[in-house]
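Enquirer: The amino acid sequence is not available; the structure is as follows:
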């Protein structure tokens, strides 16, 4: 196989990798906020259900969760989901898994804000919404950014788990090419691409963190 052909196949796989990455962030970042508030809810049933959900998502392998979503509808309910279901199962699986991690990061950031700041804002006449948006949120974002960055970088690598559903993302393409060519080169190239991808993500997140330096503890 020519090098150009190999790169074309790997880059076609990278397109699916990017799709999984972007879809997961778009879905899990806002869902994580709901998870965080559910976890902190004073209504015990909501807090307990959210806590159980987080425990399951963090306590079981993402690969197992993807397979459960892929095959669960058929084995549990006898439903034939169609050829496109593997992409939906992949997206849903990644989103609900990462929402659990992001939710806990959000919760830690929110609870790290001293109670006195809420009380001071109340004295100044701020509503609870204004207090959260104008005082609490800017501090929370700055405090959780390093932990969020780690999870986002991990997500780049976790996209390779989509191979269990038969999605030809970059790792699957590299594995197929390596098997057909009996060569480690596809894995090396894929590794370099993953590293470059993560390096770009790291640069972006570092710039975001620097922009937030207007606030100092």
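Expert: Yep, that arrived. Keep in mind it's a predicted model, so treat the numbers as computed, not measured.
Enquirer: Excluding chain neighbours, what is closest to residue 170?
Expert: Once flanking residues are discounted, residue 170 sits nearest to residue 13: 3.7 Å by C-beta to C-beta, 6 or more residues apart in numbering. Bear in mind the C-beta positions are built from the backbone N, C-alpha and C, glycine included.
Enquirer: can you tell me how far the one you found sits from residue 48?
Expert: From residue 13 across to residue 48, the span is 41 Å (C-beta to C-beta, to the nearest Å).
Enquirer: what are the ranges of the helices in this protein?
Expert: 3-40, 44-59, 62-77, 85-111, 115-123, 128-131, 137-158, 170-181, 185-211 (DSSP state H).
Enquirer: Could you point out which residue ranges in the chain have low pLDDT?
Expert: 214-217 (pLDDT under 70).
Enquirer: Next, name the residue at the spatial heart of the protein.
Expert: residue 98 (4.0 Å; C-alpha atoms, centre = their mean).
Enquirer: Quick check: the gap between the nearest residue to that residue once chain neighbours are set aside and residue 38.
Expert: Distance criterion C-beta to C-beta, 6+ apart; nearest residue to residue 98, sequence neighbours excluded, is residue 28 at 3.9 Å. If you measure residue 28 against residue 38 using C-beta to C-beta, the figure is 14 Å.
Enquirer: show me the contacts for the residue nearest to the centre of the chain.
Expert: 24, 28, 32, 151, 155 (C-beta atoms under 8 Å, 6 or more residues apart in numbering).
Enquirer: wait, what's in contact with the second one?
Expert: Listed by C-beta under 8 Å, 6+ apart, the contact set of residue 28 reads 94-99, 102.
Enquirer: Look up how far residue 135 lies from the residue of the chain most remote from its centre.
Expert: Ranking residues of the chain by C-alpha distance from their mean position (C-alpha atoms, centre = their mean) puts residue 123 at the top, at 38.0 Å. According to C-beta to C-beta, residue 123 stands 12 Å off from residue 135.
Enquirer: Of residue 13 and residue 48, give the one with the bigger neighbour count.
Expert: Shown here are residue 13 and residue 48; by other C-beta atoms under 10 Å, residue 13 has more neighbours (27 against 13).
Enquirer: how close does the more buried one sit to residue 92?
Expert: 21 Å.
Enquirer: can you check residue 135 too?
Expert: From residue 135 to residue 92 the distance is 35 Å (C-beta to C-beta).
Enquirer: how deep is residue 99 tucked in, by neighbour count?
Expert: Residue 99: 25 neighbours (other C-beta under 10 Å).
Enquirer: Repeat that for residue 58.
Expert: Residue 58, neighbours per other C-beta under 10 Å, totals 12.
Enquirer: For the residue lying closest to residue 110 once chain neighbours are set aside, which residues are in contact?
Expert: Among residues not flanking residue 110 along the chain, residue 140 sits closest, at 5.6 Å (C-beta to C-beta, 6+ apart). The contact partners of residue 140, by C-beta under 8 Å, 6+ apart, come to 106, 109-110, 112-113.
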